[in-house]
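Engineer: sequence first, predicted model second:
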Amino acid sequence: MNIVVTGASSGIGYECVRVLAQDVNNRVVAIARRAERLIGLKQLCFREYGNNITIVSADLSTLKTFESDQLALPSIDCIDILINNAADVMKKTFEETEEKDWEHLFNTNFFSVVRIIKYFLPKLKQSDEGAHIVNISSMAGYPSARKFPILAAYTVTKAAVCSLTELLAEEFRQYRIRCNAICPGAVQTDMLAKIFPHADGAVTPDQIAKFIVHFALYEKNLMNGQMIPVSRSNY
Ligand SMILES: NC(=O)c1ccc[n+]([C@@H]2O[C@H](COP(=O)([O-])OP(=O)(O)OC[C@H]3O[C@@H](n4cnc5c(N)ncnc54)[C@H](OP(=O)(O)O)[C@@H]3O)[C@@H](O)[C@H]2O)c1
């Protein structure tokens, strides 16, 4: 399997790569901005599992930078699984959120997903078994779930990711590409610490990563265009 994971330098994405790398048949591409973290992950995967993953340092909020990294993926002509996990958060209410904040979060959390799917679409179409796109949204963006006013822009970007997921599931049916979204509740990561430093009841990144990886690898034939809430609390 050829698998791309974005936002792989920390938290959920980092753990997804670690879980995936345990099977040496998985050829994993890990993307994020912080190169030193990615190098550490690459070394860990090689040392612990004998898996030589590919790392790409790129800012997904700007297509230009990402295009310049095209040469980093010369050996992969098809992608079986794309896990769109990279995102940023901002602790601001609607009243506090400025135009530039909306732009930053939409670029990072939504347009990056649009861009990376467009960018990889030719390779996703080449998957023998039909590719699976798994977008990591959030309970914040899940329809009718409790909303948090201090996460105004973040919430809306994650709802947009859910909507995109439903749309692409239909449009990409012709290519046998499945598209689903996972909506986690609280997970103990840097992102959660930034917004809810005293949250308890959060699951560990390792727990949610195991769920995401299993879902991405084995459940694509059961679901398409679904938003899956994975939460035991909602903050
Ligand atoms: N933690 C939670 O409670 C929770 C709940 C629901 C949903 N989620 C979702 O889960 C996903 C992972 O979040 P996390 O909690 O693991 O947070 P995290 O530890 O802060 O990880 C975020 C990842 O995204 C990457 N990233 C951010 N901006 C980027 C950019 N412009 N270009 C490339 N990579 C970028 C970061 O890497 P660099 O900084 O190195 O670029 C990092 O690897 C996110 O989509 C988040 O919305 C988290």
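Structural biologist: Happy to help now that I have it.
Engineer: top helix in this structure by residue count?
Structural biologist: Scanning the chain for the helix with the most residues, using DSSP state H, yields helix 152-171.
Engineer: can you tell me the residue of this protein closest to the ligand?
Structural biologist: Gly11 (2.2 Å; Cβ to the nearest ligand atom). Backbone N, C-alpha and C define where each C-beta goes, glycine included.
Engineer: what number of residues lie near that residue?
Structural biologist: By other Cβ atoms under 10 Å, the residues close to Gly11 number 21.
Engineer: need the residues of the protein near the ligand, please.
Structural biologist: Contact residues (Cβ under 6 Å from any ligand atom) of the chain with the ligand: 7-13, 32-34, 37, 59-61, 85-88, 108, 136, 138, 184, 186-187, 189-192.
Engineer: show me what contacts the residue of the chain closest to the ligand?
Structural biologist: By Cβ atoms under 8 Å, 6 or more residues apart in numbering, the contact set of Gly11 is Val187, Thr189, Asp190, Met191, Pro205.
Engineer: mind putting these in a markdown table, pLDDT, secondary structure and distance to Lys220 included?
Structural biologist: A markdown table is the format used below for the contacts of Gly11 (pLDDT from 0 to 100; DSSP: H, G, I helix; E, B strand; the rest coil; distance: Cβ to Cβ, whole Å):
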| residue | pLDDT | secondary structure | distance to Lys220 |
| --- | --- | --- | --- |
| Val187 | 95 | strand | 22 |
| Thr189 | 95 | coil | 25 |
| Asp190 | 94 | helix | 29 |
| Met191 | 95 | helix | 26 |
| Pro205 | 97 | helix | 22 |
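Engineer: out of those residues, flag the one nearest to Arg115.
Structural biologist: Nearest to Arg115 out of the contacts of Gly11 is Met191 (Cβ to Cβ; 21.0 Å).
Engineer: wait, doesn't the closest one sit right on Ala86?
Structural biologist: No: using Cβ atoms under 8 Å, Met191 is not in contact with Ala86, being 10.9 Å away.
Engineer: more neighbours: which of these two?
Structural biologist: Remark: of Met191 and Ala86, Ala86 carries more neighbours, 24 against 19, as counted by other Cβ under 10 Å.
Engineer: pretty sure Thr6 is one of the things that one touches, is it not?
Structural biologist: Yes: using Cβ under 8 Å, Ala86 is in contact with Thr6, at 4.0 Å.
Engineer: quick one: common contacting residues for the two?
Structural biologist: With Cβ under 8 Å, 6+ apart, Ala86 and Thr6 have common neighbours Gly13, Ile31, Ala32, Leu60, Ser112.
Engineer: Pro122: what secondary structure?
Structural biologist: What DSSP: H, G, I helix; E, B strand; the rest coil gives for Pro122 is helix.
Engineer: burial count for it?
Structural biologist: Under the neighbour criterion other Cβ under 10 Å, Pro122 is assigned a count of 11.
Engineer: could you do Gln207 as well?
Structural biologist: 16.
Engineer: using the three-state scheme, assign it.
Structural biologist: Each residue gets one of three states, and Gln207 gets helix by three-state DSSP.
Engineer: again with the one 10 residues further on
Structural biologist: In terms of secondary structure, Leu217 is helix; the call rests on three-state DSSP.
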